[in-house]
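dropping a prediction and its sequence here:
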Amino acid sequence: MAMIYFVRHGRTVLNEQRRTQGAADSPLTPEGRLGAEICRDYLADVPFNRAYFSPQGRVQETGGILLQAHPGLTPVNLTGLREYNYGVYDGGPDPVMHAALPAEQHLPAVLTGVHPGAPGGITARDYLADVDGALARILADLRSVAAGDDGADNVLVVSHGMTLMTIMARWVGPQIYGMAPMANCAVTTVEVTPSAVDGAPRLLTWAEDPGNQGVTYPVRDFSDAFAGVVPVPIDWEHPEGLAAGSADAVGNGVRSNA
């Protein structure tokens, strides 16, 4: 068995300004750094032996704080862990984006791979292919390690709200949209069986908020919008950065000796 700890990045300037972030970026605020420090301490006793980060600045800053408690660990950056690209709405007011892309219509269309994307953004098909590549890479690395020992791995994954929700909705199930919102620096834990094709995920905890950061967007229940929605299956055959089906999956510097 292995455990994956999924963490959303800390609160940023654009979060506090209620502006859409997506492919745009901004630094953590003082409150965001404090939240990351609290999350760092919350996870300090977890014996992580690999980590995967989005390459975007807010995740790099958050992840750097989290790894202060795990100095022997070098993260792998995966492009598939980047945030959804909202195109022309990136950097603009959240209400404008939400009006153009109502969640109850937009999210099911992304999960089913049919949304054409916002102007200047990314299509659902391309976005899901990127996300799948990252998740497949993480599982491939776990599988490679499990072939050589007892498979007792603890993995840290730091990414973004939309991307983490997309991973969970397609891996665990769209019922997650009826659960608590994913706060900044929220921690979600999933137990996996690396030998299973899909990892046989088992959700253990959802969006724990150790820093009491909360969310910066309006919360409402639109879970009814996912009734009958069948997400596109995850493509496990194309792990990012690896040849398809490669067994030699452990990235240099990922395993910690700490």
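Looks like it came in fine.

just for the protein, where's the confidence low?
Within the chain, the stretches with pLDDT under 70 are 146-151, 244-258.

in contact with the residue nearest the centre of it, which residues?
Residue closest to the mean C-alpha point of the chain, counted by C-alpha atoms, centre = their mean, is L164 at 3.3 Å. Taking C-beta atoms under 8 Å, 6 or more residues apart in numbering, we find L164 in contact with F6, R8, M182, T188. For the C-beta atoms, the positions are set from N, CA and C on the backbone; glycine is no exception.

burial count for the second one?
R8 is surrounded by 29 other residues when neighbours are defined as other C-beta atoms under 10 Å.

now it: how far from P93?
21 Å (C-beta to C-beta, to the nearest Å).

same question, N49
N49 is 42 Å from P93, where distance means C-beta to C-beta.

one more: L204?
L204 is 36 Å from P93, by C-beta to C-beta.

ditto for M1
Using C-beta to C-beta, M1 is found at 44 Å from P93.

highest neighbour count among the contacts of L164?
Greatest neighbour count in those, by other C-beta under 10 Å, goes to R8: 29 neighbours.

my guess is that residue contacts S159. True?
Yes: between R8 and S159 there is a contact under C-beta atoms under 8 Å: 7.0 Å.

what's next to stretch 25-32, contact-wise?
With C-beta under 8 Å, 6+ apart as the test, stretch 25-32 has contacts from 9-16, 36, 56-58, 61-62, 184-185, 213.

would you map the helices across this structure?
Using DSSP state H, the helices of the chain run over 13-16, 30-42, 57-66, 94-100, 103-111, 124-146, 161-171.

what about the strands in the stretch 101-250 of the chain?
For the stretch 101-250 of the chain, the strands defined by DSSP state E, counting those that start in this stretch occupy 153-159, 187-192, 202-208.

which among these is found nearest to G72?
G72 lies closest to strand 153-159 among the strands of the stretch 101-250 of the chain, at 12.8 Å (C-beta to C-beta).

what about R50, distance to I138?
Relative to I138, and taking C-beta to C-beta, R50 is found at 8 Å.

give me the common contacts of those two.
Residues touching both R50 and I138 by C-beta under 8 Å, 6+ apart: V155.

so who does the closest residue to V215 other than its chain neighbours touch?
Once flanking residues are discounted, V215 sits nearest to P181: 4.7 Å by C-beta to C-beta, 6 or more residues apart in numbering. Residues near P181 by C-beta under 8 Å, 6+ apart: A207, V215, Y217, V219.

tell me the spacing between P181 and G35.
Distance of P181 to G35, computed by C-beta to C-beta: 15 Å.

go on, W236?
Counting by C-beta to C-beta - W236 and G35 are separated by 33 Å.

between those two, point out the one with more neighbours.
Using other C-beta under 10 Å as the criterion, W236 and G35 rank with G35 on top: 28 against 17.

pretty sure that one sits against C185.
Yes: the criterion here is C-beta under 8 Å, and G35 meets it with C185 at 4.3 Å.

mutual contacts of these two, please.
Common neighbours of G35 and C185 (criterion: C-beta under 8 Å, 6+ apart): G10, R11, G211, Q213.

scan those residues and report the most crowded one.
G10 (30 neighbours).

touching, it and E16? I think so.
No: using C-beta under 8 Å, G10 is not in contact with E16; the gap is 11.1 Å.

thinking again about what came up before, can you list the shared contacts of G35 and C185 in JSON lines and add distance to V114?
Shown next, in JSON lines, are these (distance: C-beta to C-beta, whole Å):
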{"residue": "G10", "distance to V114": "33"}
{"residue": "R11", "distance to V114": "32"}
{"residue": "G211", "distance to V114": "37"}
{"residue": "Q213", "distance to V114": "33"}
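
out of these, which comes closest to A109?
For the shared contacts of G35 and C185, the closest approach to A109 (C-beta to C-beta) belongs to R11, at 28.1 Å.
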